[in-house]
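Trainee: Pasting the sequence and the predicted model now:
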Amino acid sequence: MSLVLWLSLLLICVLGAMSPGPSLAVVLRQTVSNGRGHGIAAGCAHALGVAAWAAATVWGLGILVNRYETVYLALTWAGAAYLVWLGFNALRYASTPELQAENGTRETYWQAARSGLFISLLNPKLAVFFTALFSQFVTADQGLEAQLIMVLTASIVDGLWYTLVALLFSQAHLLAWLRRHVKRIEQMTGVVLIGLAVRVVIP
């Protein structure tokens, strides 16, 4: 995998990890309600779930590339269409979500990790997202090393982002900063997703 291609993948993974959603809500709840360590545990476990989805997706696509070229081509175009749809929705509906952590009984680190893992493993949108994303990067002659790079990039970026969230946003005043900048993050995500889809149409 070339450096330029990897940087494209890295950028998408970073923006995807930063996009607010249920995973961010879980990490924030663990951080604010139980402590910084619990937020990190939830974030790292979430990254393991992301790695599982990414691995299943990239190796499944590898089989399609080598055995079913027509199906893979259709999947590539469908993935590009899905990325465009995600991009337009991010641009159109960019808004600040409510990021409220609930106060409750202090949980164990295992419970925090379990909540982070389950929110990723039980999220079918991750499978759809990785199928759409990796279909733009998987090639017929791609080796195991390149595929591992893709999986590790997605999981490490995810883990680092949520660890950063736990480290920084354990301070209440930083939650206000996130609310102020979520719209820009969503808009940037939309532009990049559409740009990635265009790369399929114009090789």
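Mentor: Looks like it arrived, so ask away.
Trainee: Just the helices from the protein, written as ranges.
Mentor: 3-18, 22-34, 36-67, 69-92, 109-121, 124-134, 144-168, 172-201 (DSSP state H).
Trainee: which of the ones you listed has the lowest average pLDDT?
Mentor: With a mean of 70, helix 172-201 has the lowest mean pLDDT of these.
Trainee: how about residue 5, what does it touch?
Mentor: Residues in contact with residue 5 (CB atoms under 8 Å, 6 or more residues apart in numbering) are residue 137. C-betas here are computed from N, CA, C, even on glycine.
Trainee: Distance of it relative to residue 27?
Mentor: Noted for residue 5: a distance of 29 Å to residue 27, by CB to CB, to the nearest Å.
Trainee: Over to residue 184?
Mentor: 20 Å.
Trainee: Ok, residue 45 next?
Mentor: 10 Å.
Trainee: shared neighbours, the two?
Mentor: By CB under 8 Å, 6+ apart, the residues touching both residue 45 and residue 27 are residue 116.
Trainee: show me the contacts for residue 89.
Mentor: residue 190 are the contacts of residue 89 under CB under 8 Å, 6+ apart.
Trainee: Please work out how many residues are found near the closest residue to residue 130 other than its chain neighbours.
Mentor: Excluding its sequence neighbours, the residue lying closest to residue 130 (CB to CB, 6 or more residues apart in numbering) is residue 57, at 4.0 Å. Applying other CB atoms under 10 Å, we find 24 residues neighbouring residue 57.
Trainee: Residue 128 is in contact with residue 57, correct?
Mentor: No - contact criterion CB atoms under 8 Å: residue 57 and residue 128 do not qualify, at 9.4 Å.
Trainee: and the closest residue in space to residue 47 that isn't next to it in sequence, how far is that from residue 46?
Mentor: The spatially closest residue to residue 47, leaving aside those adjacent along the chain, is residue 159, at 3.2 Å (CB to CB, 6+ apart). Using CB to CB, residue 159 is found at 7 Å from residue 46.
Trainee: With residue 202 instead?
Mentor: 35 Å.
Trainee: who's more crowded, those two?
Mentor: More crowded of residue 202 and residue 46, by other CB under 10 Å: residue 46, with 29 against 5.
Trainee: Now do the same contact list for that one.
Mentor: Residue 46 touches 23, 26-27, 116-117, 119-120, 158-159, 162, counting by CB under 8 Å, 6+ apart.
Trainee: One more pass at 7 Å, please.
Mentor: 23, 116-117, 119-120, 158, 162 (CB atoms under 7 Å, 6 or more residues apart in numbering).
Trainee: A PyMOL selection for these, restricted to the buried ones, would help me check which they are.
Mentor: To isolate the buried ones among the contacts of residue 46 in PyMOL, judged by 16 or more other CB atoms under 10 Å, type:
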select buried, resi 23+116+117+119+120+158+162
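Trainee: what's the neighbour count on residue 195?
Mentor: Using other CB under 10 Å: residue 195 sits among 15 other residues.
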